[in-house]
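J.: Provided below are the primary sequence and the corresponding predicted coordinates.
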Amino acid sequence: MTRPFAASADENKDVIFAAIEPYLAGDVLEIGSGTGQHAVYFAGRAPDACWQPSELAANLPGIRAWIDEAGLPNVLPPIELDVRSAWPGRQFDFVFSANTFHIMDMSAVAAAIAGAGRVLRAEGHFAVYGPFNYGGRYTSDSNASFDARLKAQDPAMGIRDFDWLDQLAGTVGMTLAADVEMPVNNRTLVWQKRTL
């Protein structure tokens, strides 16, 4: 199978890796692995992390193609994960997702945060990369235009507000640990699961 390729995943891999590297160790779950490019790149640069890619069933063959080509010992076969249904029956030290929250509808975003809270070990981290609003406002004109294009495709899509996300994270025992400014008006948000 020809490996799927997303130019955006290739362009942003280094800056995202720099933002999440401090948390990359132990068992990692990636929500919405897309093409699989990030999984093999990040796992290749973080050999102490055991990377578990996940995606909807239709995208799993493309992820397998990237994993097979890379031949990395610390990347597991991808698993099917719909955030609204069954999650892995194990816990992780780090949960990561890139460019997913603005594509998911709001109920799926809430389900993703709740699921991350369930599968994270105490003191583990949950990181999300993408565009976000603050106080209900866009951080740039380009993000406003991007949001309009998303809603034209599907009214359920759109840039999510940080305050709402942070509130959801708090309800499942997570506290904001970092809010990292990224290129092209994106952010990496990192929450840590509190020790009970």
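T.: Cool, got the structure.
J.: ramachandran coordinates for Glu11?
T.: Per-residue torsions, Glu11: phi -70, psi -30 (degrees, to the nearest 10).
J.: tell me where the model's unsure across the protein.
T.: Residue ranges of the chain with pLDDT under 70: 1, 196.
J.: just the helices in it please.
T.: Listed in chain order, the helices of the chain (DSSP state H) span 7-20, 37-45, 60-70, 106-119, 141-153, 162-171.
J.: most packed of those?
T.: The highest mean neighbour count among these, using mean count of other Cβ atoms under 10 Å, belongs to helix 37-45: a mean of 22. In this view, the C-beta of every residue, glycine as well, is placed from N, C-alpha and C.
J.: ok, longest strand in the chain?
T.: strand 120-130 (DSSP state E).
J.: tell me how far it lies from the chain's centre.
T.: 9 Å (Cα atoms, centre = their mean, to the nearest Å).
J.: cool, and stretch 38-48?
T.: 14 Å.
J.: residues in contact with it?
T.: 9, 13, 16-17, 20-21, 24-26, 28, 30, 33, 49, 51, 53, 63, 66-67, 69-70, 72, 74-75, 78, 98 (Cβ atoms under 8 Å, 6 or more residues apart in numbering).
J.: what sits against the residue nearest the centre of the chain?
T.: Ranked by distance to the mean C-alpha position of the chain (Cα atoms, centre = their mean), the top residue is Ser97 at 0.4 Å. Taking Cβ under 8 Å, 6+ apart, we find Ser97 in contact with Glu30, Ile31, Gly32, Ala112, Ala127, Val128, Tyr129.
J.: with distance to Arg45 added, can I get those in a markdown table?
T.: Listed next are the contacts of Ser97 as a markdown table, based on distance: Cβ to Cβ, whole Å:
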| residue | distance to Arg45 |
| --- | --- |
| Glu30 | 14 |
| Ile31 | 20 |
| Gly32 | 20 |
| Ala112 | 25 |
| Ala127 | 15 |
| Val128 | 20 |
| Tyr129 | 16 |
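J.: what's the nearest residue to Ile113 if we skip its chain neighbours?
T.: Leu168 (4.6 Å; Cβ to Cβ, 6 or more residues apart in numbering).
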